[in-house]
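**Student:** pasted the sequence and its predicted model underneath.
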2 protein chains.
Amino acid sequence: MKFVEKTEFDFIETIRRRYSLTKIGDDCAVLPKNSKTDLVITTDLLVEDVDFKIEWSKPEFIGHKSLAVSLSDVAAMGAKPVWAMLSIGIPPEIWKTDFVEKFYKGWFSLANQFNVELVGGDVSKTPDKIVIDSIVAGEVKRGKAVLRSGAKAGDLIFVTGKLGGAAGGLNLLESGIRYDSKDKAWRKNLLLKQLQPFPKISDGEFLRENNLATSMIDLSDGFSGDLAHICRASQVGAKIYADKIPFHKNLYPVANSGAEKLDLALHGGEDFELLFTVNPKKYFPAENEFKNRRFFQAGEITANVEIIELISGGKSKILQPKSFRHF
Amino acid sequence: MKFVEKTEFDFIETIRRRYSLTKIGDDCAVLPKNSKTDLVITTDLLVEDVDFKIEWSKPEFIGHKSLAVSLSDVAAMGAKPVWAMLSIGIPPEIWKTDFVEKFYKGWFSLANQFNVELVGGDVSKTPDKIVIDSIVAGEVKRGKAVLRSGAKAGDLIFVTGKLGGAAGGLNLLESGIRYDSKDKAWRKNLLLKQLQPFPKISDGEFLRENNLATSMIDLSDGFSGDLAHICRASQVGAKIYADKIPFHKNLYPVANSGAEKLDLALHGGEDFELLFTVNPKKYFPAENEFKNRRFFQAGEITANVEIIELISGGKSKILQPKSFRHF
């Protein structure tokens, strides 16, 4: 697990252009279902020792997270999840344990919270690593899915929750700390944010139903990287205020200075909050509901195409996205 | 790659019952789309050194086959394929080669033959093996998808092509022979049947449109195993005539005796032909079209629930399904 630049995105972009793929490039593909409804669909591949480690987690958490990452993509479209498929590849020695049974227990526990039905899947052997492909489909009012491409200069930038917690949890795991239900609350909070993230389905649906978000994405790569996706898709820029970035409340022990906290919040991946933009005229009537839901404003959209400025201590500097990705 | 019994099926059956999953158990899940159309959807996980070997194949063939196995599931429902998603996990050393580019070339070459649109996917790193998850969706007239569960005693059993070719190709690969475009036709035929199978979309659609098949499945596990799936789902039995089993024309060099050929044809997996049942009253008017399409009758459905009899040299014996599966 490391911070790296592009190439995966470049590759997808190359394939997208070469084969004229118009449905690729958002959190989900949007496909017409009937006269009232669109289907949105996403797939996420999770590989042992790249996306998760058995000794860092629990089978139930891995099952939960496999579904959560895809539910989060559905949330980012403002859609309601409906059904899922799940493919798993298991090495023979894991097959003999109760891993798979506990994995499904974690998966179904989350699926049942959203009435998501498992409709298909595949089970296969692998030589030595667990692989999981999670597929989730949702429904949204026809033509109303919230895309990455709708942000306009002047829109306000919000996130649905505090940032950096998942990266803080990753730091703990890397330093040898494991989840223990009897541990102190702050450590459990950070570890669970990393190991058992909760997808913001309700917030996504609220924003879509009230027509509030001009663009939306889920924070899987990290705030800076995902904001860059919005800027590229919308052909806009952004201005971010360092003192407005909402830090996860338990970051102190893993990030002593303000600069370290900011780094985790801006570039740490997998918080699975939603990042969205809203027209100021629509924001003001919704202000109270935004406060109730604990949405935080972090900045605003500018006309400075694909440039993200970070305002800190009265000074402005260019923020380079550093995304958590595999390649 | 080996012939083994059950356990994967047992596990899926356990999960299906425990969580009351009603959409699982056919080649595809059938989901209502609109008042006229159902969506059918399937996913297949392919793992390097379990489902394919790089040194046995070509990247283009692996791309082709990844899509073909899922298209074959759509064909088995009598549906028309419409869109697909593709998740791939690639080890760093493969990522540096032109494997992925050639893989997509093979994938799109087949996709374009059926106007299948790639609408999504994921690209990830793996520690050392390639993994591919193929997802294909198709459309079929509402309520008209052909299931495994509709066979009735007295129905005739047909296959859409000759059998054992893919298993013959696997034998060649296991004995060290590789595909060479300048090689003799018989060897290329067997190897291509294994490495680049062609999904029987047109045959599946023909059978569905003319309301001819009472049940259908694609031959991925092998004739005996897939017929057993039909018998279980339909709660019927079957009688198979050894002298009616259509052998692939090039089996002779890899199977010297009739018994060896029969073994490849009955138990060899991955021919990706369709196995279907038809009411005799509907068959006779369609007899000429069945001949044109080179469909072969192999036996008939009986009331002897889950018992498959093999009639050979005037004697009957119980045929035990031996499926090509991973566990």
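**Tutor:** It's in. Numbering: from 1, shown residues only, chains lettered A, B, ... in the order given.

**Student:** A:Ile135 should be in a strand, yeah?
**Tutor:** Yes - counting by DSSP: H, G, I helix; E, B strand; the rest coil, one finds A:Ile135 located in a strand.

**Student:** for it, give me its contacts.
**Tutor:** Applying C-beta atoms under 8 Å, 6 or more residues apart in numbering or on different chains, we find A:Ile135 in contact with A:Ile41, A:Thr42, A:Thr43, A:Ser70, A:Ala84, A:Met85, A:Leu86, A:Ser87, B:Thr43, B:Met85, B:Ile135. Every C-beta, even on glycine, is put in place using the N, C-alpha and C of the backbone.

**Student:** tell me the one of those residues nearest B:Tyr252?
**Tutor:** B:Thr43 (37.0 Å; C-beta to C-beta).

**Student:** can you pull the contacts of the closest one?
**Tutor:** Counting by C-beta under 8 Å, 6+ apart, B:Thr43 touches A:Met85, A:Ser87, A:Gly120, A:Gly121, A:Asp122, A:Asp133, A:Ile135, B:Ser70, B:Asp133, B:Ser134, B:Ile135.

**Student:** for the longest helix belonging to chain A, the distance to its chain's centre please.
**Tutor:** Longest helix in chain A by number of residues (criterion: DSSP state H): helix A:59-75. Relative to the centre of its chain, helix A:59-75 is centred 10 Å away, using C-alpha atoms, centre = their mean, to the nearest Å.

**Student:** using CSV, write out every CA atom in whatever helix or strand comes next after that helix.
**Tutor:** Taking DSSP states H and E as the definition, the helix or strand that follows helix A:59-75 towards the C-terminus is strand A:80-90. This file holds the C-alpha atoms of strand A:80-90, laid out as CSV (Å, rounded to 0.1, in the frame of the first residue of the first chain):
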residue,chain,number,x,y,z
LYS,A,80,-30.3,3.6,-4.0
PRO,A,81,-28.5,0.2,-4.0
VAL,A,82,-30.6,-2.7,-5.1
TRP,A,83,-28.7,-5.8,-5.9
ALA,A,84,-25.2,-7.2,-5.9
MET,A,85,-23.0,-10.0,-7.3
LEU,A,86,-19.8,-11.3,-5.6
SER,A,87,-17.0,-13.3,-7.1
ILE,A,88,-14.4,-14.8,-4.8
GLY,A,89,-11.2,-16.7,-5.4
ILE,A,90,-9.9,-18.6,-2.4
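
**Student:** list the helices and strands strand A:80-90 packs on?
**Tutor:** Other elements packing on strand A:80-90 under the criterion 3 or more C-beta pairs under 8 Å, 6 or more residues apart in numbering or on different chains; DSSP states H and E are helix A:59-75, helix A:99-113, strand A:117-125, strand A:131-141, helix A:201-209, strand B:29-32, strand B:37-47, strand B:131-141.

**Student:** so is the shortest one next to chain A?
**Tutor:** Yes - on the criterion C-beta under 8 Å from any C-beta of the partner chain, strand B:29-32 is in touch with chain A at B:Ala29, B:Leu31.

**Student:** that strand: partners in the sheet, and parallel or antiparallel?
**Tutor:** Note on strand B:29-32: by DSSP bridges, its sheet partners are strand B:37-47 (antiparallel).
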